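> Can you look at this prediction? I've put the sequence above it.
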Amino acid sequence: MTDGINNPDNKTVLNQNVWEGFSNWFHSICVVTFDLELGQALENIYPRDVKLTKQDISNICYLAFPDSNSGCMGDTTFVIRLQTKSEKSLRQVKDITLPRGYFQKSIVLLSYFPFNNLFNKLCSYIAPEYFEHGQESLEVACYNIKLWPTPVPGIPLSLPILGSVFQTYIPISGAVSTVALLGNDNNEGQKLTQVDDLNLYEILQPVLSHIHLLWELVITSEPIVVMASSPTICSSMVLALTRLVAPLQYCGDYRPYFTIHDSEFKQYTSKVHGAPPVILGVTNPFFAKTFQHWPHTIRLSDDTGDTQKYKLKKTPPTKMIECTSGIYTSYKPFLQKDKNIIKKIRAGVKRPYEVQSVILSKHLNELTQSFMIPLERYIASLLPLQKDISAFKAVPTPNPFNPDSFFATLDKTGPHLTLNKTGIKGDWIGLYKRFFRSPNFKAWFNARYTELSLKLQALHAEALSTVDITNWVRGRPEVEIVDMVMRIKNKIGKCNHDVPVSDSVKQQLNQRMQDIAISLPEDLKNILQIS
């Protein structure tokens, strides 16, 4: 496996230069094994000097092996989420030479990037080679990764790994997904796929009839438990749910795979404060009892190819243990579902899954954008008028967000205007009110408020850069002049850091400093450090 792929000398393969390039993509690669006496144990980690807390190591080790009653023979790949993102591949095979009669070992890729599609494919290459050839194959994989280009959005990337080449790209924020295939370097006519693509249709088809209800639950950051027999199934569903509201970023917590050994187990199972805004994927039947107080549960069939229509059920919490596949919730949707899109997708069962996913993704994308565009327009109106921005006054702040004022705009700018052909109608104001209480809204609003504040800083800097400072200085008390110097210096510092202004504005601000300096005595110029 190590021949013909720029195989370096093993004595020098893992030098410091390797880890500098490696760290552009990954935090570390862990090897976790099951020891009969010690239980789950961290066997190896690359790079050797990487720092993980005891709690992180404990979480990784427990998450490395499926916590369920179902036997996962062979290789299993799934996603976990800690303070760092990771993708994991587990192999369990019979081995009569071992006391338990099974060989169990996991390869865990830890990364700060949520490139789940790419890392899933990467695991499918790295893990089997490690299980067959041992440590040498991991060292070669690390050397290959060191040669990868820096992850830059919007450009094609060729990523060689163990004799194959992944062709992919990182989407620019807000870009609409296009579905294609990854492959090895022997394939001709390869298409490009995004590093974080998911086949939404394949994952969501059992719950397709309730996709609009799930969209509401996710956009309002409702607590959801996904129960399945394998971590592969539950982690895929959790990731798919977080993508329902794209291009809006889901900002609640989510754990594609969660076990009873997780350090936050008590927090998530506590009945005192209610369920937090998090989506959990679990496999241990124990959770059916522990999460009875959670308002929304999706129980998935063992059959990954199951295309049955899951029913919506309102089973009392005390009977959750005996529940069959389905969606269990008492939630009343604010909106009517778009039956036409569901019929269109169900009628296209002979289409490739990739095409079905594009249709579904496009619909959900349009639904989210129709919901968010009125908010984008309203928050843009909170910017004070440019005529009210004075170089001699403090920078104004954006006007406060007023829900009632926003609701008053919906008749002319509401979602119903762009969704009138879909049949989606309902209580938009009620849904917005629920959305305003969610982490999704808080994160979106904070980001937009910051953008408005920086815009006002930029407009104020432009006003200050063009003011006739020479005329203003005449007759001014020295204390006011010193205050103006400090304001301009502070403004220049902000412009060099995060305020979006042109170089010409920065140059003009420096010129205003020079204009003031002419009127100041030498001792004061020295104190103020201007010349």
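That came through fine. Predicted model only: the values in this text are computed from it and were never measured.
> List the residues that contact residue 27.
50, 84, 110, 111, 112 (CB atoms under 8 Å, 6 or more residues apart in numbering). All C-beta spots, glycine's among them, are computed from the backbone N, C-alpha and C.
> Can I get those in JSON lines including neighbour count and secondary structure?
Formatted as JSON lines, these follow (neighbours: other CB atoms under 10 Å; DSSP: H, G, I helix; E, B strand; the rest coil):
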{"residue": "50", "neighbour count": "15", "secondary structure": "coil"}
{"residue": "84", "neighbour count": "17", "secondary structure": "coil"}
{"residue": "110", "neighbour count": "23", "secondary structure": "strand"}
{"residue": "111", "neighbour count": "21", "secondary structure": "strand"}
{"residue": "112", "neighbour count": "12", "secondary structure": "coil"}
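> What is the nearest of the residues you listed to residue 463?
The shortest gap between residue 463 and any of those belongs to residue 112, at 39.4 Å (CB to CB).
> what about the nearest residue to residue 449 once chain neighbours are set aside, is that helix, strand or coil?
Closest residue in space to residue 449, ignoring its immediate chain neighbours: residue 398 at 6.2 Å, by CB to CB, 6 or more residues apart in numbering. Under the three-state scheme (DSSP: H, G, I helix; E, B strand; the rest coil), residue 398 adopts coil.
> going forward can the numbers begin at 15, since that is how I track them
Got it, first residue is 15 now, which makes that one residue 412.
> The closest residue to residue 233 other than its chain neighbours: what secondary structure?
Counting by CB to CB, 6+ apart, residue 233 lies nearest to residue 259, which is 4.7 Å off, once chain neighbours are set aside. Secondary structure, three-state DSSP: residue 259 is coil.
> okay, now residue 259: neighbour count?
Residues lying near residue 259 (other CB atoms under 10 Å) number 24.
> Roughly how far does it sit from residue 355?
To residue 355, residue 259 is 16 Å away according to CB to CB, to the nearest Å.
> Could you look up the SS state of residue 342?
With three-state DSSP as the criterion, residue 342 reads strand.
> Just the pLDDT for it.
At residue 342, the pLDDT value in this model is 92.
> hang on, the earlier thing: thought the residue nearest to residue 463 was touching residue 398?
Yes. Counting by CB atoms under 8 Å, residue 412 does reach residue 398; the two are 7.3 Å apart.
> Those two - which one has more neighbours?
Neighbour count, other CB under 10 Å: between residue 412 and residue 398, residue 412 has more, with 19 against 15.
> For the more buried one, give me the backbone phi and psi.
Backbone geometry at residue 412, expressed as degrees, to the nearest 10, gives phi -60, psi 150.
> Could I get the contacting residues of it?
Contacts of residue 412 (CB under 8 Å, 6+ apart): 393, 396, 397, 398, 463, 466, 467, 470.
> burial of residue 390, as a residue count?
Residue 390: 12 surrounding residues under other CB under 10 Å.
> Give the helix, strand or coil label for the closest residue to it other than its chain neighbours.
Nearest non-adjacent residue to residue 390, counting by CB to CB, 6+ apart: residue 462, 7.7 Å away. At residue 462, secondary structure determined by three-state DSSP is helix.
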